[in-house]
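**Q** One predicted model, sequence on top.
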Amino acid sequence: MLRAKLKAMIVIGLLVGLALTIHVAEAQIPMVFPGIKLGLANIITLMALDLYGWKEALMVTLLRVGLGAFFTGNAISFLCSFTGGLLSCLVMIELHRRFKESVTLPYISIAGAISHNIGQLIVIVLIIQNLYVFLYLPVLLVSGVITGYGTGFLASLPSCFSFSSFNNDNGPRGALHGTDFTSRAKVRIYDRQIIFHRDGLGRT
């Protein structure tokens, strides 16, 4: 049990570190349009959500936003990132919980990206006290669809995931939750079926 908890902490730390690195690197890319970013760090959140669960995804999001604002931002950027990131994560968690078998990650990611943009826009409106900012919403919706699908597609690729280090503990879910997968656990990723076995990884 202690070993499982230790592995969970290590995995979360690695995910947060990777998400933070992507977040800081992306912050250096000039924005073509105000408020529009690729949202590549959301790939890590989606991976955490799909492979480990909603608690891990929420933890990755909050730590990434908090640490990212500490390294790269100011109070306003933190409020925008925190509100957008939290709203986005909650929306994706709920969609994944209710429609996991019928809605793939790219579409869950689109909903998250749109929610993120809306959350940021609400913060800006509250700060500058000007409702005309909502005229920018159609641009944010279109960008949310494009960037959301892209990040969701990348997060759904099996090649993005590394399972080998967890085979001794019956897969990544077992490492994080201490679950004993005595036979096999099926995880649906995109439209493929991955089967975790005690002695390796097979595909059907």
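**A** Thanks, I have the structure now. Residues are numbered from 1 along each chain as shown.
**Q** excluding its backbone neighbours, what's nearest Thr61?
**A** Cys89 (4.4 Å; Cβ to Cβ, 6 or more residues apart in numbering). To be clear about C-beta, it is placed using only N, CA and C from the backbone, and glycine gets the same treatment.
**Q** Low-confidence ranges, the chain, go.
**A** Applying pLDDT under 70 to the chain picks out residues 72-73, 158-204.
**Q** got the residue ranges for the strands in it?
**A** 185-189, 192-197, 200-203 (DSSP state E).
**Q** My read is that the residue nearest to Thr61 contacts Leu63, right?
**A** No: counting by Cβ atoms under 8 Å, Cys89 stays clear of Leu63, with 11.6 Å between them.
**Q** okay, the two: which has more neighbours?
**A** Neighbour count, other Cβ atoms under 10 Å: between Cys89 and Leu63, Cys89 has more, with 26 against 17.
**Q** where does the more buried one sit relative to Ile118, distance-wise?
**A** Relative to Ile118, Cys89 is positioned 13 Å away (Cβ to Cβ, to the nearest Å).
**Q** Tell me which residue is most central in the chain.
**A** Centroid-nearest residue in the chain, with Cα atoms, centre = their mean: Thr45, separated by 1.8 Å.
**Q** Ala75 versus that one, what's the distance?
**A** Distance from Thr45 to Ala75, by Cβ to Cβ: 23 Å.
**Q** what's the answer for Met9, then?
**A** Met9 sits 30 Å away from Ala75, going by Cβ to Cβ.
**Q** ok, now Arg98?
**A** Taking Cβ to Cβ, one finds Arg98 at 35 Å from Ala75.
**Q** Number of residues surrounding the residue nearest to Leu154 when sequence neighbours are not counted?
**A** Nearest residue to Leu154 in three dimensions, chain neighbours excluded: Ile43, at 5.3 Å (Cβ to Cβ, 6+ apart). Ile43 has 24 neighbours, counted by other Cβ under 10 Å.
**Q** Endpoint to endpoint, stretch 43-61 covers what distance?
**A** With Cα to Cα, to the nearest Å as the measure, stretch 43-61 spans 11 Å from end to end.
**Q** Break down this structure into its helices, ranges please.
**A** 2-27, 42-51, 54-72, 75-99, 105-128, 137-156, 171-177 (DSSP state H).
**Q** Quick one: list the elements packing against the second one.
**A** Contacts of helix 42-51 with other secondary structure elements, assessed using 3 or more Cβ pairs under 8 Å, 6 or more residues apart in numbering; DSSP states H and E, are made with helix 2-27, helix 54-72, helix 75-99, helix 105-128, helix 137-156, strand 185-189.
**Q** can you list contacts of stretch 138-153?
**A** 33, 35-40, 42-43, 46, 104-114, 116-118, 121 (Cβ atoms under 8 Å, 6 or more residues apart in numbering).
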